[in-house]
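K.L.:
Quick one, what's the 3D model for this:
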Amino acid sequence: LLSISNCSRLEIAGDVSSKQNNIKASKKWDIDAWLSNAVGSNIFDICIIDTPPTSDILLSNALVVSDWAIVQLKTDFLSVVGVEQFLKIFYTTASKVNPQLELIGLLPTMYNRSMKEHSKILKEIEKKIGKKRVLEPIRNDVKLTWSFVEGGEPIAYIDKRARGYKDYETLAKVVLKRLK
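P.N.:
Next up is the predicted model:
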């Protein structure tokens, strides 16, 4: 949960991916039209679009209407391959369709410092795209899973001392600083 003091209104749209799945593949779903009222009327300070980790029309449309992107990746080999594919889509969109699109950074998640594979993958990613482009990792924390699955509430309501809460709080501060 992010608490942004200057946000006068926050709305969470329903699961748009299910709407996407109900539309035939040949018909383009227009996320721009879906967001036009909110963006055009300036009622939101920040609009977050969370897309599935697939290269489908929803992701492409989200990149077309976005100003910034954060790419989440689990610190394992397959996620690195997926991020490389995403970055190709990202840079193609930024260079040909949406020149104001910027990459805030890559966000490693489920990170465990004691696992050599995680540290190795993090270093590999930093080497490929630059250390400044890699955000502080979100550490693996069972309390995050528990708060979502068992508690049904954000970790901020359950345990502000949890590693996961502290990691996401740090992320929120970094992101807001980069957006200014």
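K.L.:
Now do the SS call for the nearest residue to residue 128 once chain neighbours are set aside.
P.N.:
In this structure, residue 128 finds its nearest non-sequential neighbour in residue 84, 8.0 Å apart by Cβ to Cβ, 6 or more residues apart in numbering. C-beta: built from backbone N, CA, C; applies to glycine. Three-state call for residue 84 (DSSP: H, G, I helix; E, B strand; the rest coil): helix.
K.L.:
Report pLDDT for residue 84.
P.N.:
Looking at residue 84, its pLDDT reads 84.
K.L.:
Equivalent analysis for the one 10 residues further on, please.
P.N.:
The per-residue pLDDT reported for residue 94 equals 92.
K.L.:
quick one, strands of the protein?
P.N.:
Secondary structure of the chain (DSSP state E): strands at 68-74, 102-109.
K.L.:
what's the spacing between the last one and its chain's center?
P.N.:
What it means is strand 102-109. Put simply, strand 102-109 sits 7 Å off its chain's centre (Cα atoms, centre = their mean, to the nearest Å).
K.L.:
do the same with the first one
P.N.:
In terms of Cα atoms, centre = their mean, the centre of strand 68-74 is set 4 Å apart from its chain centre.
K.L.:
Pull the residues that contact stretch 114-125.
P.N.:
73, 75-77, 79-80, 83, 106, 108, 111-113, 134, 137 (Cβ atoms under 8 Å, 6 or more residues apart in numbering).
K.L.:
Among these, give me the pair with the biggest separation.
P.N.:
Distance extremes for these: the farthest pair is 83 and 113 at 19.9 Å, using Cβ to Cβ.
K.L.:
So those two - more neighbours on which side?
P.N.:
Remark: of residue 83 and residue 113, residue 83 carries more neighbours, 21 against 11, as counted by other Cβ atoms under 10 Å.
K.L.:
Make sure that one is actually in contact with residue 106.
P.N.:
Yes: using Cβ atoms under 8 Å, residue 83 makes contact with residue 106 at a distance of 6.5 Å.
K.L.:
The most centrally placed residue in the chain: what's it in contact with?
P.N.:
Note on the chain: the residue nearest the mean C-alpha position is residue 70, at 4.5 Å, using Cα atoms, centre = their mean. Contacts for residue 70 (Cβ under 8 Å, 6+ apart) come out as 104, 105, 106, 107, 135, 175.
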